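S.K.: give me a model of this one.
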Amino acid sequence: MKVDNTVQTKKVRTRAKAPFSLKNHMAKYAIVYVFMLPIMIHFVVFFLAPIVFSFIITFFDWPIIGDPEFIGLGNWQRFLGDAIAWKSLKNTLIFSVYYIVPSMAIGLLLANLIVTQKTRVGNFFKGIFFLPVVTSFVVVAGIWQWLFRGTEEGFINQFLAMFGLPEQMFLSSSSQAMIVLAGLSIFKIIGSTMIYYFAGLQGIPEELYEAARIDGASKKLIFWKITFPLLMPIHFYVAVMTTIGSFQVFDSAFLLTSGGPNFATNTIVYYMYQEGFSSLRLGYASVLAYVLFFMVFLVSLIQKKFLGKTVDYS
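M.R.: The predicted structure is shown next:
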């Protein structure tokens, strides 16, 4: 028996050490590569090639009209001394502060309200809260512009006048415009964050809540000791998604303020658009794109460190 086992072990080892055969591999997996080929072509043409090309033109003065000129690190040097670029980065960070935490908090609050309601009532309010997500952003921005118009015709100013408060400039004020834009983006996105948190709440075992109630835990204690910690993967996902969205904000600045007043709402993506498509400086716009990438990557790593923790429901 020992001899037979030794012979079988040698055969297994022999088969494991068989040389790789491309012909046999292709005969076995050819159909897989056939289906993967269109996807790979799409990835190379629409993702990989633009990334490589955008990196190459960071070293060129690429005006579209005319011949490109190699300038080495000239675009990067220009960025270091560009006051508007640094102000745009600062505006983007300020927008992120106004946007990320409120989006997460309101989404979690709405999800908790829906979970505690009956099925039909919860589904009704779920649809109401999610409605802005599927509504055209141009339409929502138009409504927002009417609400926060800095004249007596604006709805918010009319509401303030009822309490004897003075008119506010809102979108024409350097100190208020960014808050208004953040409010618009929050209103547009909280339906999505609500759905993420709703799904996370549905996944928490009811037994944990029942055990906490038997032990006499209050609702506040249950939320902070059970609900909030067990939603940590959802917190991380929502934080990353809202961070990416906040750093990519463009449409609200484009539609409502055009980066004004006095560059107060000029975000990095809007400035990138101006440089690339208005001023036709694609090389410098690509530099701004890579700066944006490194910022998002760094913030995502920080979020991963503090929020990217696994949870155990047992």
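S.K.: remind me which residues of the chain are low pLDDT?
M.R.: Counting by pLDDT under 70, the chain shows low-confidence ranges at 1-20, 118, 309, 311-314.
S.K.: run through the neighbouring helices and strands of the helix or strand containing Gln303.
M.R.: Using DSSP states H and E, Gln303 sits in helix 282-307. In terms of contacts (3 or more C-beta pairs under 8 Å, 6 or more residues apart in numbering; DSSP states H and E), helix 282-307 is packed against helix 49-56, helix 74-80, helix 83-115, helix 232-247, helix 268-273. For every residue, glycine as well, the C-beta is placed using N, CA and C.
S.K.: in that helix, which residues are buried?
M.R.: If you call a residue buried by 16 or more other C-beta atoms under 10 Å, then helix 282-307 has these buried ones: 282-292, 295-296, 299-300, 303, 307.
S.K.: returning to that earlier point: got the helices and strands packed on helix 282-307 as JSON lines, with mean neighbour count and distance to Ser218 columns?
M.R.: Conversion of these to JSON lines gives the following (neighbours: other C-beta atoms under 10 Å; distance: least, C-beta to C-beta, whole Å):
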{"stretch": "helix 49-56", "mean neighbour count": "12", "distance to Ser218": "52"}
{"stretch": "helix 74-80", "mean neighbour count": "16", "distance to Ser218": "53"}
{"stretch": "helix 83-115", "mean neighbour count": "19", "distance to Ser218": "15"}
{"stretch": "helix 232-247", "mean neighbour count": "19", "distance to Ser218": "21"}
{"stretch": "helix 268-273", "mean neighbour count": "22", "distance to Ser218": "44"}
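S.K.: of those, which approaches Glu206 most closely?
M.R.: helix 83-115 (11.0 Å; C-beta to C-beta).
S.K.: after the closest one, which helix or strand is next?
M.R.: Downstream of helix 83-115 (by DSSP H and E), the next one is helix 119-134.
S.K.: the helices and strands packed on helix 282-307: which one's closest to Phe137?
M.R.: Shortest distance between Phe137 and the helices and strands packed on helix 282-307, using C-beta to C-beta, is found for helix 232-247: 12.1 Å.
S.K.: after that closest one comes which helix or strand?
M.R.: helix 251-252.
S.K.: relative to the whole chain's centre, how far out is that following helix?
M.R.: In this view, helix 251-252 has its centroid 15 Å away from the chain centroid, taken as C-alpha atoms, centre = their mean, to the nearest Å.
S.K.: format the helices and strands packed on helix 282-307 as JSON lines; extra columns: distance to Gly259.
M.R.: Shown next, in JSON lines, are the helices and strands packed on helix 282-307 (distance: least, C-beta to C-beta, whole Å):
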{"stretch": "helix 49-56", "distance to Gly259": "23"}
{"stretch": "helix 74-80", "distance to Gly259": "18"}
{"stretch": "helix 83-115", "distance to Gly259": "8"}
{"stretch": "helix 232-247", "distance to Gly259": "16"}
{"stretch": "helix 268-273", "distance to Gly259": "5"}
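S.K.: do you know which of these lies nearest Met178?
M.R.: helix 83-115 (5.9 Å).
S.K.: give the other helices and strands that that closest one contacts.
M.R.: Partner elements for helix 83-115 (3+ C-beta pairs under 8 Å, 6+ apart): helix 119-134, helix 177-202, helix 232-247, helix 268-273, helix 282-307.
S.K.: the helix holding Gln303 vs helix 232-247, what angle?
M.R.: If you take axes from the mean of the first three to the mean of the last three C-alpha atoms, to 10 degrees, helix 282-307 sits at 160 degrees to helix 232-247.
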